[in-house]
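Q: Pasting the sequence and the predicted model now:
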Amino acid sequence: MINTTTKKQFSLFDFCKKRADKIQVFGKETIDEDGKIIPFVDQAALITHYLQLRNADVKMPYERQAEDILNLWYEFVKGERLHKPKDFEGVADSAIGYQTYLFQDLFAAPFQAPQNPKFKFIDLFAGIGGFRMAFQNLGGECVFSSEWDEQAKKTYYANYGDVPFGDITKESTKNKIPKDFDILCAGFPCQAFSLAGKRLGFEETRGTLFFDVAEILRRYQPKAFFLENVKGLVIHDKGRTFKTILNTLEEVGYVVPDPQIVNAMFFGVPQHRERIYIVGFRKDLGIKKDDFSYPEQKEVTKKWIDVREENPVPAKYYLSTTYIETLKRHKARHEAKGNGFGYDIIPDDGIAHAIVVGGMGRESNLVIDFRQTDLTPTTRIKGEVNRQGWRKMTPREWARLQGYPDNFRIVVADASAYKQFGNSVAVPAIQATAKQLLKTLNDKKILKLWEY
């Protein structure tokens, strides 16, 4: 049975404008191994991955399933079966045909894989694709992405043309990963390691999201991996958590050079953002720890003013007088207790603090900007818009602080955009480290990427 309550002129971008559970396509093709209907977004993940990779040298374990669902979607959208629709003859077997006739927006995403990719990678806990952006810039092709957050999926699809698969902790999601990929990328969440500190091995990571990364490494054995997390992971539980992680990575078959805390401000973005980077190489490749070196962190080349919006920003980004007074009282209370918490104003020639999820991520990165003269409130606020130029940074400015180019599409509301950029990796720092990882594989003739 097919739900045909949606418009005939259908676009996958529709799910960027409404909740995905408002649409459902179902038939015998959409029943999973447990007898349940595959949700709309998961069907979209199957189809978009299939169409993006159809002409690539990738063995997709879900190929037949994706083809069946794609035919069903054709009927859903066009109201007729895909036997021989007269205006579709000659292109039914072509991914380009599906692209132009059924999914006109699929390949309109601005960040497509390179035409002649040099290596393959997967993007776990993908967020909005910071790892993907970096590795694609270096010639890689993403053959699998996974992300559970529905809003992040919308941004990911709008920019890369793939809807990420869902929860990577599920076996059904792990089974969608192609076997022949070279590098695993993951900015895995900093989840508590309640079992850490006993035997320091693979078994201790069960129940954590890191276990899923370790399990995929154990099962698929890619040539290398690149992991990212908050720097506090190093000292969590007096260092025992981090020791567990490193021991686990070695146990599943990898040589791990000493991890390093990398600060994004040394790689062309004016943001003081320190994160722990962990790379590793499969043991049988013969790569030693000292064969790899992290990129040098030498100088700061950008200031806040370099990423500020070129034009005056709307009044909604300016703080109300009442809000400013609240921030001042809050900061004064903490200062009286000897704490450093509270708002901060970044000077034009300064470096932003790390952007993070939540109100404090914005309050610690306020700026002074007098360019907007129309300060008429456009949202409900207490008091009036301040005349001292105090404002929060915009989502586009946060995108720039993380190294995303200006043609990166922001398709969600501001609240979601702040969350997504705050959770993201800093693309230039990731790319500089990824280049070193690839250089090691190239130097050891594991991958032929470039010649010197």
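A: It's in.
Q: For I276, give me its contacts.
A: With contact set as CB atoms under 8 Å, 6 or more residues apart in numbering, I276 has these partners: E228, N229, V230, K231, L233, V234, P259, Q260, I261, V262. Using the backbone N, CA and C atoms, a C-beta is placed for each residue, glycine as well.
Q: you'd agree the second one is up against V262?
A: No - because the distance of 11.4 Å does not satisfy CB atoms under 8 Å, N229 is recorded as not touching V262.
Q: Can you pull the residues that touch both of those two?
A: Shared between the contact lists of N229 and V262 (criterion: CB under 8 Å, 6+ apart) are residues R275, I276.
Q: What about the contacts of I276, which are in helices?
A: Assigned to helices by DSSP state H, none of the contacts of I276 qualify.
Q: Provide the strand pairings for the biggest strand by length in the chain, with the direction of each partner.
A: Looking across the chain with DSSP state E, the single longest strand is strand 274-282. Taking DSSP bridges as the criterion, strand 274-282 forms sheet pairs with strand 224-230 (antiparallel), strand 254-255 (antiparallel), strand 260-263 (antiparallel).
Q: ok, back up a step: among the contacts of I276, which ones are buried?
A: Using 16 or more other CB atoms under 10 Å as the burial test, these include E228, N229, V230, K231, L233, P259, V262 as buried.
Q: What are the boundaries of the helices in the stretch 201-350 of the chain?
A: Secondary structure of the stretch 201-350 of the chain by DSSP state H, counting those that start in this stretch: the helices cover 209-220, 240-251, 321-336.
Q: Out of the ones you listed, flag the one nearest K448.
A: Comparing these by their distance to K448 (CB to CB), the top pick is helix 209-220, with 21.3 Å.
Q: and the closest one, what does it pack onto?
A: Identification of packing neighbours for helix 209-220 by 3 or more CB pairs under 8 Å, 6 or more residues apart in numbering; DSSP states H and E yields strand 119-124, helix 171-174, strand 183-186, strand 224-230, helix 240-251.
Q: now these as CSV including distance to I69?
A: CSV is the format used below for these (distance: least, CB to CB, whole Å):
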stretch, distance to I69
strand 119-124, 21
helix 171-174, 15
strand 183-186, 27
strand 224-230, 31
helix 240-251, 36
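Q: Looking at those, which is nearest to N137?
A: Sorting the helices and strands packed on helix 209-220 by CB to CB, the top spot, which is the nearest, belongs to strand 119-124 at 12.1 Å.
Q: what are the pairing partners of that closest one, and which direction each?
A: strand 140-145 (parallel), strand 183-186 (parallel).
Q: Just give me how far the first one sits from the chain centre.
A: Averaged C-alpha coordinates place strand 140-145 at 12 Å from its chain's average position (CA atoms, centre = their mean, to the nearest Å).
Q: Export the next helix or strand after it to CSV, keeping only CA atoms.
A: The first helix or strand that comes after strand 140-145 along the chain, using DSSP states H and E, is helix 150-160. Backbone C-alpha positions of helix 150-160 (Å, rounded to 0.1, in the frame of the first residue of the first chain) are rendered in CSV as follows:
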residue,chain,number,x,y,z
GLU,A,150,17.3,14.3,12.2
GLN,A,151,18.2,18.0,11.9
ALA,A,152,21.8,17.2,11.2
LYS,A,153,20.7,14.8,8.5
LYS,A,154,18.9,17.6,6.7
THR,A,155,22.0,19.8,6.6
TYR,A,156,24.1,16.8,5.5
TYR,A,157,21.8,15.9,2.7
ALA,A,158,21.5,19.5,1.5
ASN,A,159,25.3,19.8,1.2
TYR,A,160,26.5,16.3,0.1
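Q: any idea of the angle helix 150-160 forms with strand 119-124?
A: With axes from the mean of the first three to the mean of the last three CA atoms, to 10 degrees applied, the angle from helix 150-160 to strand 119-124 works out at 160 degrees.
Q: Counting by contacts, list what helix 150-160 packs against.
A: Using 3+ CB pairs under 8 Å, 6+ apart as the test, helix 150-160 ends up in contact with helix 40-53, strand 140-145, helix 414-423.
Q: Dump the last one to PDB, restricted to CA.
A: What it means is helix 414-423. The C-alpha atoms that make up helix 414-423 are tabulated as PDB, following Å, rounded to 0.1, in the frame of the first residue of the first chain:
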ATOM      1  CA  ASP A 414      19.200  29.100  13.900                       C
ATOM      2  CA  ALA A 415      18.900  27.100  17.100                       C
ATOM      3  CA  SER A 416      19.700  23.900  15.200                       C
ATOM      4  CA  ALA A 417      22.400  25.600  13.200                       C
ATOM      5  CA  TYR A 418      24.200  26.700  16.300                       C
ATOM      6  CA  LYS A 419      24.000  23.200  17.700                       C
ATOM      7  CA  GLN A 420      25.300  21.700  14.500                       C
ATOM      8  CA  PHE A 421      28.300  24.000  14.100                       C
ATOM      9  CA  GLY A 422      29.100  23.800  17.800                       C
ATOM     10  CA  ASN A 423      29.200  20.000  17.600                       C
END
